[in-house]
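Enquirer: What would the 3D arrangement of this be:
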Amino acid sequence: MKKIRISVVGATSLTARILLQLLCRHPHVEIAILTSDSSPGTPVSKRYTFLQGRYDGVFKSYNQDEILEETDLVFLTKQHGEFLPDTIRLFNAAQKINREFKIIDLSADFRLKNPENYETWYKFEHSGIDLLEQAVYGLPELHRKEIKNAGLIANPGCYPTTAILGTAPFVHHHQADPNCVIIDGYSGTSGAGMRPNERNMAITTMENLLPYKIGIHQHTPEIEQELSLTGNEPVTVTFVPHVAPFRFGMCANIYLKMLGSLKSEDGTELMKGFYQKEPFLRVLNPGEYPEIRNVVGTNWCEIGYVYDPRTNTGIVLSAIDNAVKGASGQAVQNMNIMYGWEETTGLT
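Expert: As a prediction, the model looks like this:
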C-alpha cells in the first residue's frame, strides 16, 4: 500500500512529540516535513531520539508551497489563534489547485461554529467564518461519517472529549436535564504544555489540586455546542477544571439531574448501547470506576455510571489520556477514518 506523506507544523510542542511517537509506528505514513519557528535547521533526531534511523531531516521554517507540493496531510499543533490566517490561506490554496490535501488542526481554531464565541472565550476575532462551516468536529464517536469526507478536521480538546463522551448518551436519549450538567474535571500537568507556567511547575502542582478558570474556561462552549447537537436542544454546563499532580491523564466527574429514575444498571446499558461499535470506548459495569492508570498511554476512553436515588442524580465518570485520546491519538484516529484504514491502526 502506498504511504501518505505527512507534515507537522509546530513540531516541537508536547502535542507534536506524542503525535510523532504514534506516527513513526504507523504502517501507512511517511514523515516528510516537520516545521519549527524556534529550531529551523536543527536535526530532528537531536530533539527526538526515538526518530533516529526513521527520520533524518531537520526542522524547517514553514513554507506553504513546500507543504502543498511534498505532503498529503498536515497536522497543525500550534497555539489557538496563532496560525489561523496561515491555515485559511493553506486550505484555500489547496482548493484552488484541486488537491486532495487534508488538514487536521489540533488547536481550537475551527472547533466552534459560532464565530462570536471566539471573541468571547478566546479573545480574538475569527477571520475564516466560511471555513468554520466547512470544518468537521473530529470526535469520531459522534461525527464519523462527516470525518470520512472532510478536508479540514477540528480536533477536539481534551476536556471536551472527556466530558462529551461521558454525557452524550444521556442527552441523546433525553434522560438528563439539559440545563443542569455539572462537570468537575481534573487534568495532568501536561495539559498546560511545555512552556513553564503555574499549571505545570512542580512547585505549584505537586501534592496539590489547582482549580483554575472556573466558569470562564474556553472549552465550555465546545462542550455545550456538541452536547446541544447530540440532544437536539440547548445544553448548558457548569465546568470546573483542576490541575492534578500527575503528568498525563484526565478524568471528569459529571453530575446529571435526571428527568426520571435511571438505575445504575439501566444507565450502564444505555451507554453500552450508544457505544456498542466504538473501538476506543470502554463502558464499565456497575460498581466499577474509571481510573487514570487504565488509560494513560492509550487512545481509550473509560466511562462508568452510578445513580444516586436519594438526590435523583446520575453520576458519570470518564477518563482518558489527555495527550492521546485528548489530542494526538484522536488526530491519528481521524486520519485513519479519512483514508479508510482500520480505525485502530497505529493506536493499539
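Enquirer: Pro211: neighbouring residues, count only.
Expert: Summarising burial for Pro211: neighbours were counted as other Cβ atoms under 10 Å, giving 11. Bear in mind the C-beta positions are built from the backbone N, C-alpha and C, glycine included.
Enquirer: Quick one, grab the pLDDT at it.
Expert: With respect to pLDDT, Pro211 scores 93.
Enquirer: For it, give me phi and psi.
Expert: Here is the backbone geometry of Pro211 (degrees, to the nearest 10): phi -70, psi 150.
Enquirer: My read is that it contacts Ala244, right?
Expert: No: counting by Cβ atoms under 8 Å, no contact exists between Pro211 and Ala244, whose distance comes to 10.5 Å.
Enquirer: can you pull out the helices in this structure?
Expert: Using DSSP state H, the helices of the chain run over residues 14-23, 44-47, 64-70, 84-96, 116-117, 129-134, 140-148, 158-172, 202-205, 220-231, 264-274, 329-338.
Enquirer: could I have the last one exported to CSV, CA atoms only?
Expert: So the one you mean is helix 329-338. Backbone C-alpha positions of helix 329-338 (Å, rounded to 0.1, in the frame of the first residue of the first chain) are rendered in CSV as follows:
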residue,chain,number,x,y,z
GLY,A,329,-4.2,9.8,19.3
GLN,A,330,-7.6,11.2,18.3
ALA,A,331,-5.9,13.1,15.5
VAL,A,332,-4.4,9.8,14.2
GLN,A,333,-7.8,8.1,14.7
ASN,A,334,-9.3,10.9,12.5
MET,A,335,-6.6,10.4,9.9
ASN,A,336,-7.4,6.6,9.8
ILE,A,337,-11.0,7.4,9.1
MET,A,338,-10.3,9.9,6.4
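Enquirer: what pLDDT, on average, does that helix get?
Expert: Here helix 329-338 scores 98 as its mean pLDDT.
Enquirer: cool, the shortest one as well?
Expert: When pLDDT is averaged over helix 116-117, the result is 97.
Enquirer: can you check the longest one too?
Expert: In this model, helix 158-172 has a mean pLDDT of 98.
Enquirer: So which elements touch that helix?
Expert: Helix 158-172 sits against helix 140-148, strand 176-187, helix 220-231, strand 237-243, strand 250-258, helix 264-274, strand 301-308, strand 313-320, with contacts defined as 3 or more Cβ pairs under 8 Å, 6 or more residues apart in numbering; DSSP states H and E.
Enquirer: Let's see that with 7 Å instead.
Expert: The helices and strands touching helix 158-172, judged by 3 or more Cβ pairs under 7 Å, 6 or more residues apart in numbering; DSSP states H and E, are strand 176-187, helix 220-231, strand 250-258, helix 264-274, strand 301-308, strand 313-320.
Enquirer: re the thing from before, if you average pLDDT over each of the helices of the chain, which is lowest?
Expert: Ranked by mean pLDDT, the helices of the chain bottom out at helix 202-205, with a mean of 68.
Enquirer: Start and end of stretch 32-41, how far apart?
Expert: The stretch stretch 32-41 measures 15 Å between its terminal residues, going by Cα to Cα, to the nearest Å.
Enquirer: which residues touch that stretch?
Expert: Residues external to stretch 32-41 that are found in contact with it (Cβ atoms under 7 Å, 6 or more residues apart in numbering): 5-12, 44, 57-62, 66-67, 70-71.
Enquirer: quick one, what contacts the nearest residue to Thr42 once chain neighbours are set aside?
Expert: What sits nearest to Thr42 in space, not counting adjacent residues and going by Cβ to Cβ, 6 or more residues apart in numbering, is Phe59, at 5.1 Å. For Phe59, the set of contacting residues under the criterion of Cβ under 7 Å, 6+ apart consists of Ala11, Leu34, Thr35, Ser36, Ser39, Pro40, Gly41, Thr42, Val44.
Enquirer: measure the third one to Ile18 for me?
Expert: In this view, Thr35 and Ile18 are 17 Å apart by Cβ to Cβ, to the nearest Å.
Enquirer: farthest residue from the center of the chain?
Expert: Summary for the chain: using Cα atoms, centre = their mean, the residue whose C-alpha lies farthest from the chain's mean C-alpha position is Arg310, with a distance of 35.0 Å.
Enquirer: Next one: that residue from Ser261, what distance?
Expert: For Arg310 relative to Ser261 (Cβ to Cβ), the value is 12 Å.
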